[in-house]
Structure formats: structure tokens, C-alpha cells
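Q: Need a 3D model of the sequence below.
(2 chains)
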Number of protein chains: 2
Amino acid sequence: MTTVSTQTGGRVRRQNHGPESLLQVAVQEFLTRGYDATSMEDLSRAAGITKSSFYHHFSGKEALLRAALERALNGLFAILDSEGARTGTPVERLRHIVREQVKVLVAELPYVTVLLRVRGNTESERWALERRREYDARVAALVREAVEAGELREDIEPALAARLLSGLVNSVVEWARPDRDPGTLPDAVARAVFEGILPARR
Amino acid sequence: MTTVSTQTGGRVRRQNHGPESLLQVAVQEFLTRGYDATSMEDLSRAAGITKSSFYHHFSGKEALLRAALERALNGLFAILDSEGARTGTPVERLRHIVREQVKVLVAELPYVTVLLRVRGNTESERWALERRREYDARVAALVREAVEAGELREDIEPALAARLLSGLVNSVVEWARPDRDPGTLPDAVARAVFEGILPARR
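A: Take a look at the predicted model:
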């Protein structure tokens, strides 16, 4: 824990930061400025601590990015290991994954947003892209299984469907707000995936 | 047209650039490095011309960004003005818009990708976000019309559906390749919107 007192307009502002809260500050800066445009100076200023205090917890901004990406990816991969993703028909498992993925996106919003903006400019970014591809490939395999099991319409092209699925679910980070979004969001997204975003009146 | 000869390993490399090709180079750099991390030096180097030649066509990188965003937005707004978006039932108009939007995304891929990555850090970015909101609001109004006309299932929440619609369609830029994607993509995306990405076998 790093404690720093800063004099701001006569008031003493104390900033207490552990690694987790520094990560939170850093991710917010990455999202606002873009990772490449963010310096350790920017991060120290945003956290209200000295650069050397920051370096006490993280070796640099790449380490912060890596920690943020790990947090997002751990949340996502935990879904694939959960009971509901391993049992039931392929469609039941896909429905479970979609719902849980929406929950993780909302719960870990800033971390997942950083993950989804990664373009592969650094070692950690390339690692994260590889892990994302791995995740998407596992979901795509399940879509293929569902088509082969005859659960889905036979004109569904599994590779395209998997891409659209990933795109639709991940797009939630663009507007979701953890404090505002209703608990019904996971089911609403699942319904959009399986029945359409704009289904005709029956 | 700016012509520059550069001596590269004994070979003379001539670079001929008009505004359009400079814009193309700049957009590629913005996408690779991120806009904030791209300097006019980077752009001149990528174009193989001097900085002053670059400034002959564009007042700076903000002007390049603005031109890229205008190109993407003009493509999108042209859809809303087209015949098919103004006539027919709300659902027919929405189907037309979805299909045409996919076409514009693929045809103007790098420009739309820049648009969709805009976060509002500069004047041009804030202008573009405003225009995007305007576009999305017009589509959202049409979704509401479709629900009110009884064309869509009555449990559809128009605001949420409009967000998911925008998210799904725009996600195409993440993987589309103009030279590779089949002409069937617009219909496939429209089907995903109206019938589901993973519709059950009937």
C-alpha cells in the first residue's frame, strides 16, 4: 500500500493505492487516452502518487496492460470451464456462454473494453489477441457442433455465425453501464442471438 | 499531385500522391499505430514524401482524421437518404438499411473502422460521435416504428434492439476483407438480425 499526501488548494488529498486500485486507475487512463498515448507520468498524475511509488507495484505500463488483459481473459475463460458450458446440448451450452459472457462484460467492463481494443502493437497485446482467438475458436467449435447435431437451421454457416455471435455479444461493452443495466440484459442478448434482434411478430 | 524521388539502396523510388492517396496512407497509419500515437513525421515517412509536401494537401493530422471521418459518415448517411430507406414498411426499410450498411462497411472498411474507434478526444472526434449518434437515433426511430406498427414481436424493447442492431452490424469491420468477403454477406447479416444468428431448426 502506497500512501502519498498531496497539497491541493490548501487541502491535503491522501491517496491510498494497492496494486488493484492502481490497475483500475491505469485502465481508466488507457481507455481515455489510448494505451499508446499514455505515459507512466500520466498514470502517476492520475493516481496522485509519484512515479517511483507506481514502479514499486508495476514494472511499467506494459505490466499494467498485461494485468488488465489477464483479468478480462480469466473472466472469459472461467465461463468455458463452468458447469453450464460443459454439460447439455450444444445449444444449451451456447446459451449459457452467451448469458455468462454478457455478465462478465458488464462486471469487468473496463478490463474487457481494454481487451477488445487491443490491436497487437506490443507483446502483451499479441498474447491477448491469441487468447481471444482461442476463446472464439472454442465457441465456434460449439456452433459447429450445434449445426451438426441438427439443433440449428441447416443453412447456418458456422464460421460466419460464430463471428457475428462474438461481434453482437462483445458490442455490449460500447454502451453497458454496470450500475444501470438491468439484470435482464443477459437473457435479452441470448434471445437476440437465438431468435433475432428484430424478430417478426408470430 | 506531389512527386518526390527518394534514393533507396541505389534505386529511385517515386511516390505520387494526391489528397486521396495521402488520406489512404494516413488512415492505414491511424489504424496501425492509433491516431494519438501517430505524428505527421510518421505519416510523411509512410507516404514517402516530405512533411511540407504533406502539409501542402492537409493542414495537419486532425484534418486527415476529419476527412476520413467525413468519408465514412457520408457513406452511412447516404444510405438513410436512399429510396429503399424511405419507402416501404418500417421492417422493409430496416432490412434495406442493414444490407446497405454492411456494403458500406466493407467498401469503406478502413474509413469506417477509424470512425468506429473514435473516442471523442479531439474536436473532429466529438463531431463524428455526434453524427454517429444521429445516425443511430434515426435507425432507432425506425425500430420503434416497426414495433408500433406491429411488425415486430411486442416484447422487443426498441432502444435495446437498436443498440444490439448497431453493434452486430458494425462488428463486421472487425473481420471483413473487401477482397475476400462474398456478396452474400449483406443478406447473411440481415438474416441474423431478423431471424437470429443461431436460429433453431424449424
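
Q: and A:G183, what helix or strand is that in?
A: Under DSSP states H and E, no helix or strand contains A:G183.

Q: Name the nearest residue to the most centrally placed residue in chain A, sequence neighbours excluded.
A: When chain A is reduced to its mean C-alpha position, the closest residue under C-alpha atoms, centre = their mean turns out to be A:V112, at 1.7 Å. Nearest residue to A:V112 in three dimensions, chain neighbours excluded: A:A72, at 4.5 Å (C-beta to C-beta, 6 or more residues apart in numbering or on different chains). In short, each C-beta sits where N, CA and C put it, glycine included.

Q: Quick check: the residue nearest to the centre of chain A touching A:Q101?
A: No - shown here, A:V112 and A:Q101 do not form a contact pair, counting by C-beta atoms under 8 Å, at 9.3 Å.

Q: The residue nearest to A:V112 - how many residues pack around it?
A: Here the count is done by other C-beta atoms under 10 Å in any protein chain shown, and A:A72 has 25 residues near it.

Q: what about the helix or strand where it lies, average pLDDT?
A: Remark: A:A72 resides in helix A:61-81, with elements defined by DSSP H and E. Helix A:61-81 carries an average pLDDT of 97.

Q: ok, the nearest residue to A:N121 once chain neighbours are set aside to A:T122 distance?
A: What sits nearest to A:N121 in space, not counting adjacent residues and going by C-beta to C-beta, 6+ apart, is A:D36, at 6.7 Å. A:D36 sits 9 Å away from A:T122, going by C-beta to C-beta, to the nearest Å.

Q: do A:L76 as well
A: In this structure, A:L76 and A:T122 are 20 Å apart, going by C-beta to C-beta.

Q: Compare these two (neighbour count), which wins?
A: Looking at A:L76 and A:T122 with other C-beta under 10 Å, you find the greater number of neighbours at A:L76, namely 20 against 16.

Q: I figured the more buried one was touching A:D136, is that so?
A: No - assessed by C-beta under 8 Å, A:L76 is found out of contact with A:D136, at 10.0 Å.

Q: Distance from the chain centre to the host helix or strand of A:A128, please.
A: In this assignment (DSSP H and E), A:A128 forms part of helix A:123-148. Offset of helix A:123-148 from its chain centre (C-alpha atoms, centre = their mean, to the nearest Å): 14 Å.

Q: ok, now stretch A:92-99?
A: 17 Å.

Q: send the alpha carbons of it over as CSV?
A: The C-alpha trace of stretch A:92-99 is given here as CSV (Å, rounded to 0.1, in the frame of the first residue of the first chain):
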residue,chain,number,x,y,z
GLU,A,92,-27.9,-25.2,-24.2
ARG,A,93,-24.1,-24.7,-23.7
LEU,A,94,-24.0,-21.8,-26.2
ARG,A,95,-27.0,-20.1,-24.5
HIS,A,96,-25.2,-20.5,-21.1
ILE,A,97,-22.0,-19.0,-22.6
VAL,A,98,-23.8,-16.0,-24.2
ARG,A,99,-25.5,-15.2,-20.9
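
Q: Buried ones in that stretch, by neighbour count?
A: A:R93, A:L94, A:R95, A:H96, A:I97, A:V98, A:R99 (16 or more other C-beta atoms under 10 Å in any protein chain shown).

Q: can you map out the helices along chain A?
A: Listed in chain order, the helices of chain A (DSSP state H) span A:19-33, A:40-47, A:51-57, A:61-81, A:83-86, A:90-107, A:109-117, A:123-148, A:158-170, A:185-195.

Q: I'd like the ones you listed laid out as a markdown table, including distance to B:R163.
A: A markdown table is the format used below for the helices of chain A (distance: least, C-beta to C-beta, whole Å):
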| stretch | distance to B:R163 |
| --- | --- |
| helix A:19-33 | 19 |
| helix A:40-47 | 30 |
| helix A:51-57 | 37 |
| helix A:61-81 | 21 |
| helix A:83-86 | 26 |
| helix A:90-107 | 13 |
| helix A:109-117 | 15 |
| helix A:123-148 | 22 |
| helix A:158-170 | 10 |
| helix A:185-195 | 10 |
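
Q: thinking again about what came up before, what about the residue nearest to the centre of chain A, distance to chain B?
A: Remark: distance between A:V112 and chain B (C-beta to the nearest C-beta, to the nearest Å) = 14 Å.

Q: so what's that residue up against?
A: Taking C-beta atoms under 8 Å, 6 or more residues apart in numbering or on different chains as the contact definition, A:V112 lies against A:A72, A:G75, A:L76, A:V104, A:L105, A:N170, A:V173.

Q: hmm, 10 Å instead?
A: If you count contacts by C-beta atoms under 10 Å, 6 or more residues apart in numbering or on different chains, A:V112 has them with A:68-69, A:71-73, A:75-76, A:101, A:104-106, A:170, A:172-173, A:176.
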